[in-house]
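>>> show me the folded form of this:
(one chain, ligands or ions: 1)
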Amino acid sequence: TKTTNSPPSPPKFPIIGNLHQLGLFPHRTFQSLAKEYGPLMQIHLGSVPVLLISSPEAASEIMKTHDRVFANRPQTKLYDILLYDCKDVSTAEYGEYWRQIRSICVLHLLSAKRVQSLRAIREEEIGLMMEKIKHSSSISLPVDISELLSTTINDIVCRVALGRKYEGESRKGFKKLLMDFTELLGTFVVGDYVPWLDWLTNVSGFYSRAKKVAKKLDDLLEDVVEDHITRQKEGNDGLDSEDFGDFVDVLLWIQRTESLGFPIDRTVIKALLLDMFSAGTDTISTLLEWAMTELLKHPNIMKKLQEEAKSVAGDRTNITEDDLGNMKYLQAVIKETLRLHPPIPLLVPRENRQDIKLKGYHIKAGTRVIINAWAIARDPTYWDQPEEFKPERFLNNSIDIKGNDFELIPFGAGRRGCPGIVYAMAANELVLANLVHQFKWELPDGVAGLEALDMSETFGLTMHRKTPLLAVATLN
Ligand code: HEM
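Sure, this is the predicted structure:
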């Protein structure tokens, strides 16, 4: 029968399956389960079968060998509410529509050429960030690195995507709205797994809260798009080429010229803009927050990075994007941070579109697939001293993060792999290089602070620090 050749599974309860076992840190729970049941195991969350993948080989089966079959994403009522009926790239069902909008991302919004053209925005906003740190440093106040990073990355993405920043009160409002949005997106909704319990989610007011947030975001995006249309009519700017302007300009240009051979409507434009925010802000700031945490925890590594920065920058205060190619240690520090603290530890769930045999096991169509990239990157079979933060390990090997080496897949891999890698790395490298080059950093209470440095995580859409990271900066 079917059950005899399904993958190994832990015992489950009726109705809830293994839901009760998830715990606060599913990536850790899943790691221990895999130790017992193997790298390709199945659990049940409520009535939904979930394939848990915990080795590079098994991950490569999903994202390379059978990538096309596993190229779907689970669709949920919550995504429908928050992401225009899954009209965005991240949650769209695999098929022609997804292929088209993904090509907008890859060719127009996130291409290497576009990322390059946004250089001035990154450099300006990072300059402002440095000013804020200088100010705190001049009055001997510790810097809330977590807050500073999230504000800076948010401002960069706002300018890149919408062509404007929100400041003062409206920034607070915008940030709060985005925070509500990401918090909702990261919520584990019981009704998705135990359909007859969906009424509970309803009663708790969760969906109506989600609808309110979606409406507010939609109003905001409508405003932004209308503004762009008016501005273009008045000034004719951004009309004849896609080379100027922000993402809204580019998307309106694609809409007007139908240059991709298919029409896109207002909803597509708004859904894509939302994707840029949900996929591109928290991920980058979380990564940088952990990178600074590890550097503060390892002063010798910080020092080595500072020396590299000094050697490429010479007498200049700022590190520019031209310097980054020469900063091999910086790249190693970022890879090592992605290894130990992947911002999305369980990647984004996938789903198989048809029944398939995997390593002799029968996998039913519609099975959810969770890939534990976090556990894979800490597996002692593949990594020497896996729990240690050692950027040196990347200096003499060619392991990359682009989805070719399955022991390190913080951006996923294959058709559904992250299209924002170039964009993300440009921001990651420039921010981190300037933070360490322009300032000396210390924990507020020196050595005592080091011992007390809180490394706790919170689990949501991204896995960021539980407490804000505070440190004292002095000008270098
Ligand atoms: C450090 C930063 C980032 C990390 C760690 C990250 C990670 C990921 C991961 C794990 C996935 C799922 C991959 C899979 O299923 O195989 C993903 C998908 C995606 N990412 Fe990123 N990402 C980052 C930055 C960005 C940025 C900056 C953008 C855009 C501005 C972006 C846009 C997307 C989109 C649109 C998808 C969905 C792709 C699809 O389903 O076809 N990401 N990302």
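>>> helix or strand: which one has the residue sitting nearest the centre point of the chain?
Central residue of the chain (C-alpha atoms, centre = their mean): Thr283, 3.3 Å from the mean position. Here Thr283 sits within helix 282-297, counting by DSSP states H and E.
>>> quick one on the thing from earlier: what's the pLDDT at the residue nearest to the centre of the chain?
Here, the pLDDT recorded for Thr283 equals 95.
>>> what residues does it make contact with?
Residues near Thr283 by C-beta atoms under 8 Å, 6 or more residues apart in numbering: Pro343, Ile344, Gly420, Ala424, Thr462. Quick note: C-beta positions are derived from backbone N, CA and C, even for glycine.
>>> what about it, distance to the ligand?
Separation of Thr283 from the ligand (C-beta to the nearest ligand atom, to the nearest Å) stands at 4 Å.
>>> go on, Ala365?
Ala365 is 18 Å from the ligand, where distance means C-beta to the nearest ligand atom.
>>> for the stretch 151-300 of the chain, which residues are neighbours of the ligand?
Asp275, Met276, Ala279, Gly280, Thr283, Ile284, Leu287 (C-beta under 6 Å from any ligand atom).
>>> average model confidence for the longest helix along the chain?
Scanning the chain for the longest helix, with DSSP state H as the assignment, gives helix 206-235. The predicted model assigns helix 206-235 a mean pLDDT of 92.
>>> ok so, going back, now for the contacts of Thr283: which two are most distant?
Farthest pair in those (C-beta to C-beta) is Gly420 and Thr462. Separation: 13.4 Å.
>>> residue ranges of the helices in the stretch 351-476 of the chain, please?
Secondary structure of the stretch 351-476 of the chain (DSSP state H, counting those that start in this stretch): helices located at 373-376, 421-438, 446-452.
>>> near the ligand at all, the longest one?
Translated: helix 421-438. Yes. Using C-beta under 6 Å from any ligand atom, helix 421-438 reaches the ligand at Tyr423, Ala424.
>>> tell me the mean pLDDT over that helix?
On average, helix 421-438 scores 96.
>>> then the last one?
Here the mean pLDDT over helix 446-452 is 77, rounded to a whole number.
>>> how about the closest residue to the ligand within the stretch 101-250 of the chain, what does it touch?
The stretch 101-250 of the chain approaches the ligand most closely through Arg102 (5.1 Å), counting by C-beta to the nearest ligand atom. By C-beta under 8 Å, 6+ apart, the residues touching Arg102 are Val89, Pro419.
>>> repeat that with 10 Å
Taking C-beta atoms under 10 Å, 6 or more residues apart in numbering, we find Arg102 in contact with Val89, Ser90, Ala92, Tyr94, Arg415, Arg416, Pro419.
>>> whichever of the residues you listed end up buried, select them in ChimeraX.
A single ChimeraX command suffices to select whichever of the contacts of Arg102 are buried according to 16 or more other C-beta atoms under 10 Å:
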select :89,90,92,94,416,419
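>>> orientation of the helix or strand encompassing Ala120 relative to helix 421-438 in degrees?
Using DSSP H and E, Ala120 maps to helix 119-138. Between helix 119-138 and helix 421-438, the angle comes out at 30 degrees (axes from the mean of the first three to the mean of the last three C-alpha atoms, to 10 degrees).
>>> and the very next helix or strand once past helix 119-138, how far out from the chain's middle?
Sequence-wise, the next helix or strand downstream of helix 119-138 (DSSP H and E) is strand 143-144. How far strand 143-144 lies from its chain's middle: 22 Å, per C-alpha atoms, centre = their mean, to the nearest Å.
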